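Student: here's a sequence, model it:
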Amino acid sequence: MTMREAVAAFVHDGATVCLEGFTHLIPTAAGHEIVRQGRRDLTVVRMTADIVVDQMLAGGCVSKLVSSFVGNSSAGSLGELRRRVESGEPEPLAFEEYSHYGMVCRYLAGASGLPFHPLRSYAGSDLPSVNPGLRTVASPYPGPDGEREQVYVVPPVHPDVTFVHAQRADRSGNTQIWGLTGVQAEAVYAAARAVVVVEEVVDDEVVRSDPNRTVIPAHAVDAVVACPRGAHPSFAQGYYDRDNAFYRSWSRISRDPARLKDWMAEWVHGTTDHAAYVALLGEEHWSALAVGEALSLPVNYGRRL
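Tutor: As a prediction, the model looks like this:
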């Protein structure tokens, strides 16, 4: 599908939408298309809520955020998100907060069809005081002292649709990722529908030649979208570098509501699709993000003689 077709088919007002990618391969282009299509009242699930969430908030798409990290990736703040949380302007944002591992466990529970997932790390934390979804259960097994320990648990998450970005996939949806990975596979399996956005669609033989890089198999994928440079300003290992200058500039842009509105008008609403966004940045900009080769050694999988 095209990105326009995928968003039209799978993202509806009031839906729970997951956008996953941990620092690397962030599905920014998917977030922009959701804004262009004017979706409203979305619950966004993203382990590390960053620039793409700030932009979707500025686009009026999001009424609730489920996340464990909020920030501009070591480069500053998210102005629109802060205004909504701290002052309720221009509209309040419902924020459901977890730890990183708490979010991982929610995806694991959703992907596994479990009613909850246990974790130890909330003991001594103040997160349970701000999130009533964090609860304790008694272990069904006694410890060495014969006591049944109280263990924190988190509920599963079941997005209506998950979007992930990846380096490549074949036309069936067998999706390959290398470099820094996150919880893309778990987020896909937890969702009712999954859209994989890739730098390129490759022949089946390319995927079959290196099957261990297939992080997400075809049977879990509902649509493949070819969208080169669709993770900007994050990076795609082997394709382009992280746009650190953009990250540094975002705090200034988002701090000022008028400036943010102008940026959204030019770069999101003013572009017909991500290809237009890429063209607006210009080839000189992309040349500065070009990466050299760092080839992996071939692997001999062996075959019968």
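Student: quick check: Ala15 vs His158, distance?
Tutor: Separation of Ala15 from His158 (C-beta to C-beta, to the nearest Å): 11 Å. Every C-beta, even on glycine, is put in place using the N, C-alpha and C of the backbone.
Student: who's more crowded, these two?
Tutor: In this view Ala15 and His158 are compared by other C-beta atoms under 10 Å, and Ala15 has more residues nearby, 19 against 16.
Student: hang on, the more buried one packs against Thr43?
Tutor: Yes: with contact defined as C-beta atoms under 8 Å, Ala15 reaches Thr43; the gap is 7.4 Å.
Student: show me where this structure has helices.
Tutor: In the chain, the helices defined using DSSP state H lie at 3-10, 28-36, 51-58, 79-86, 100-112, 127-130, 184-190, 204-209, 244-255, 257-267, 274-281, 283-288.
Student: which one, of those helices, ends up nearest to Val215?
Tutor: helix 184-190 (5.3 Å; C-beta to C-beta).
Student: now the closest one - C-alpha only, PDB.
Tutor: The C-alpha trace of helix 184-190 is given here as PDB (Å, rounded to 0.1, in the frame of the first residue of the first chain):
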ATOM      1  CA  GLN A 184       8.900  -3.800  17.100                       C
ATOM      2  CA  ALA A 185       8.000  -7.500  16.900                       C
ATOM      3  CA  GLU A 186       6.200  -7.500  20.200                       C
ATOM      4  CA  ALA A 187       4.300  -4.400  19.300                       C
ATOM      5  CA  VAL A 188       3.200  -6.000  16.000                       C
ATOM      6  CA  TYR A 189       2.000  -9.200  17.600                       C
ATOM      7  CA  ALA A 190       0.100  -7.300  20.300                       C
END
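Student: chain center to that helix: distance?
Tutor: Mean-position distance between helix 184-190 and its chain equals 11 Å (C-alpha atoms, centre = their mean, to the nearest Å).
Student: same question, stretch 224-244
Tutor: Using C-alpha atoms, centre = their mean, the offset of stretch 224-244 from its chain centre is 13 Å.
Student: buried ones in that stretch?
Tutor: For stretch 224-244, the neighbour count (16 or more other C-beta atoms under 10 Å) marks 224-240, 242-243 as buried.
Student: now, the residues you listed that are in strands?
Tutor: Counted as lying in strands by DSSP state E, out of the buried residues of stretch 224-244, are 224-226.
Student: relative to Val85, how far out is Ala94?
Tutor: In this structure, Ala94 and Val85 are 10 Å apart, going by C-beta to C-beta.
Student: compare the two (neighbour count), which wins?
Tutor: More neighbours surround Val85 than the other of Ala94 and Val85, with 16 against 12 (other C-beta under 10 Å).
Student: show me the contacts for that one.
Tutor: Listed by C-beta atoms under 8 Å, 6 or more residues apart in numbering, the contact partners of Val85 are 92-93, 95.
Student: mind pulling up the pLDDT for it?
Tutor: For Val85, the pLDDT comes out at 94.
Student: what's the distance between it and Gly173?
Tutor: Distance, Val85 to Gly173, using C-beta to C-beta: 36 Å.
Student: same question, Leu93
Tutor: The gap separating Leu93 from Gly173 is 33 Å, by C-beta to C-beta.
Student: neighbour count for the two, which is higher?
Tutor: Higher neighbour count among Leu93 and Gly173: Gly173, with 22 against 19, using other C-beta under 10 Å.
Student: for the more buried one, which non-adjacent residue is closest in space?
Tutor: Excluding the flanking residues, the one nearest Gly173 by C-beta to C-beta, 6 or more residues apart in numbering is Val221, at 3.1 Å.
Student: tell me how many other residues surround that neighbour.
Tutor: Neighbour tally, Val221, other C-beta under 10 Å: 20.
Student: what sits against the residue lying closest to Asn131 once chain neighbours are set aside?
Tutor: Once flanking residues are discounted, Asn131 sits nearest to Glu97: 5.6 Å by C-beta to C-beta, 6+ apart. Applying C-beta under 8 Å, 6+ apart to Glu97 gives the contacts 67-68, 127, 130-131.
Student: kindly report the same for Pro142.
Tutor: Taking C-beta under 8 Å, 6+ apart as the test, what Pro142 contacts is Arg148.
Student: related to what we said a few turns ago, looking at the ones in strands among the buried residues of stretch 224-244, which is nearest His274?
Tutor: When these are compared for distance to His274 (C-beta to C-beta), Val225 comes out closest, at 9.5 Å.
Student: spatially, what comes nearest to the closest one if we skip its sequence neighbours?
Tutor: Of all residues not flanking Val225 in the chain, Val197 sits nearest, at 4.6 Å (C-beta to C-beta, 6+ apart).
Student: is it true that that neighbour touches Ala30?
Tutor: Yes: contact criterion C-beta under 8 Å: Val197 and Ala30 qualify, at 5.7 Å.
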